[in-house]
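Asker: what follows is a predicted structure for the sequence shown.
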Amino acid sequence: MAVKRMAPVALLLLAACIPQRGTAYEEPGYRPAPQSRQDRYPQPQQERWERPALGNEQDVRRLPAPPPAWQARKVQADSRVISGRTYTVQPGDSLRSISGKTGAGSEAIARANNIPSPFVIRVGQKLVIPGGRYHLVRDGETGIAIAVAYGVAWSRIIAVNDLEEPYILRTGQRLLIPDDTLPPPPSGRPETIEQRAARFHLDLGVDDIVTGGQPAIAEKARPAAPTASSARVLSPTTPVAAPARLAGGFQWPLRGNVVKRFGPGASGERNDGIKIATPLDTPVLASADGVVAYVGSDIPALGGLVILRHGDGWTTVYGHAGQLLVQRGQAVKKGQMIALSGNSGFADRPELHFEIRQGRTPVDPLQRLPPR
């Protein structure tokens, strides 16, 4: 009976030793982490267009915005396979009309016949029509979504179609889809496009977003003009005009020590930019005048990410942000705050991942930034 009488007392003593939910518990020498920005300020109620946080997005705050175009506008893999042949130019023909008649891309026909811009052809001329699988681009489709639909790396589609800056697809354009980009299936049997797409993994990178993230635009349509306001929310399928020329040079996006340099690392991995250590919530500044091409966190390694276009093929990239302060299509000035620093993505400390790219080629930012 004595044991039975002591049981409730023992349970009470044990409960007193266990920290309760919502209370602080400190071991000797333990100092709790400072309250995060998210704890200090309550999160706003989720608004229209704002997606629920997933994975590395949970620590990244951003303005309400729709999902990127490659998620909002899916692509149906309804390509047409045509055989190679010759075609004799008829009165009134153009490369575009011949493309419509044959199913081959007009750009592919021009390349196969060494026809330079402005693509003049003459009646009676015999043209080689290159065979292959061609996808007809519809309004709002992106290169990334096309790559996913066919299970083909977007970089391969760029290569076989000889695509160039500014990488905006045209509605009605016919893209050649390479068929030799994935290893054969384990069964060794031929597979459908849908089966190939199902086992294709898109390892999304900065180059994919820069070259394949813009939605296709109609033949005579104009892309949306940039605006200085972050209040405008564009439809994900609206293309945005990029600057034609780079205005001036680049400046440092923030103060801090460079903790990782450009190029291959000690363990063989390659860094396409530099890592700059900085306290949390440090303002991240635009390195040059530009237009926001992308804002989000769809590249897990880089977390909160802003990509700016500056003209002349120049692009800057800002990763690991904790808060994103701009919208796609927004015009920004050199030195304007575009984000707050963080440790999102695969960062193991508060830092900024910063890249400068010329076309599709990353360049060492330290060769372009002013000395300090």
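Answerer: That came through, no problem.
Asker: which is the next helix or strand following the one helix or strand in the chain whose mean pLDDT sits lowest?
Answerer: For the chain, counting by mean pLDDT, DSSP states H and E, helix 37-40 ranks last in confidence among helices and strands (a mean of 38). Downstream of helix 37-40, the next assigned helix or strand under DSSP states H and E is helix 69-72.
Asker: who does the next helix or strand after that following helix touch, helix- and strand-wise?
Answerer: With elements assigned by DSSP H and E, the helix or strand that comes after helix 69-72 is strand 80-82. Based on contacts counted as 3 or more Cβ pairs under 8 Å, 6 or more residues apart in numbering; DSSP states H and E, the elements that strand 80-82 packs against are strand 132-136. Quick note: C-beta positions are derived from backbone N, CA and C, even for glycine.
Asker: show the average pLDDT along the strand it packs on.
Answerer: Along strand 132-136, the predicted local confidence has a mean pLDDT of 96.
Asker: going by neighbour count, list what's buried in the next helix or strand after it.
Answerer: Next along the chain after strand 132-136, taking DSSP H and E as the criterion, comes helix 143-150. Taking 16 or more other Cβ atoms under 10 Å as the neighbour-count basis, helix 143-150 is seen to contain the buried residues 143, 144, 145, 146, 147, 148, 149, 150.
Asker: packing partners of helix 143-150?
Answerer: Counting contacts by 3+ Cβ pairs under 8 Å, 6+ apart, helix 143-150 is packed against helix 69-72, helix 154-161, helix 193-198, helix 206-212.
Asker: which residues sit against the first one?
Answerer: Okay, so that is helix 69-72. Contacts with helix 69-72, where a contact means Cβ atoms under 8 Å, 6 or more residues apart in numbering, come from 66, 140, 142, 144, 145, 148, 212, 213, 214, 215, 236, 237.
Asker: correct me, but residue 317 touches residue 354?
Answerer: Yes. Residue 317 sits in contact with residue 354 when judged by Cβ atoms under 8 Å, with a separation of 6.9 Å.
Asker: how far away is residue 342 from residue 281?
Answerer: Look at residue 342 and residue 281: by Cβ to Cβ, to the nearest Å, they are 8 Å apart.
Asker: between the two, which has more neighbouring residues?
Answerer: Applying other Cβ atoms under 10 Å to residue 342 and residue 281 shows that residue 342 carries more neighbours, namely 28 against 14.
Asker: that one touches residue 62, doesn't it?
Answerer: No. Look at residue 342 against residue 62 with Cβ under 8 Å: they stay out of range, at 11.5 Å.
Asker: find residues that contact each of those two.
Answerer: When contacts are counted by Cβ under 8 Å, 6+ apart, residue 342 and residue 62 have 304, 323 as shared neighbours.
Asker: apart from its chain neighbours, what residue comes closest to residue 233?
Answerer: On the basis of Cβ to Cβ, 6 or more residues apart in numbering, the spatially nearest residue to residue 233 that is not a chain neighbour turns out to be residue 65, at 6.0 Å.
Asker: pLDDT on stretch 235-242, on average?
Answerer: For stretch 235-242, the mean confidence score works out to 94.
Asker: ok so, going back, so what sits against both of residue 342 and residue 281?
Answerer: If you check residue 342 and residue 281 against Cβ under 8 Å, 6+ apart, the residues they both contact are 322, 323.
Asker: sorry, back to before: what do residue 317 and residue 354 both touch?
Answerer: residue 273.
Asker: number of residues surrounding residue 114?
Answerer: A total of 7 residues lie near residue 114 under the criterion other Cβ under 10 Å.
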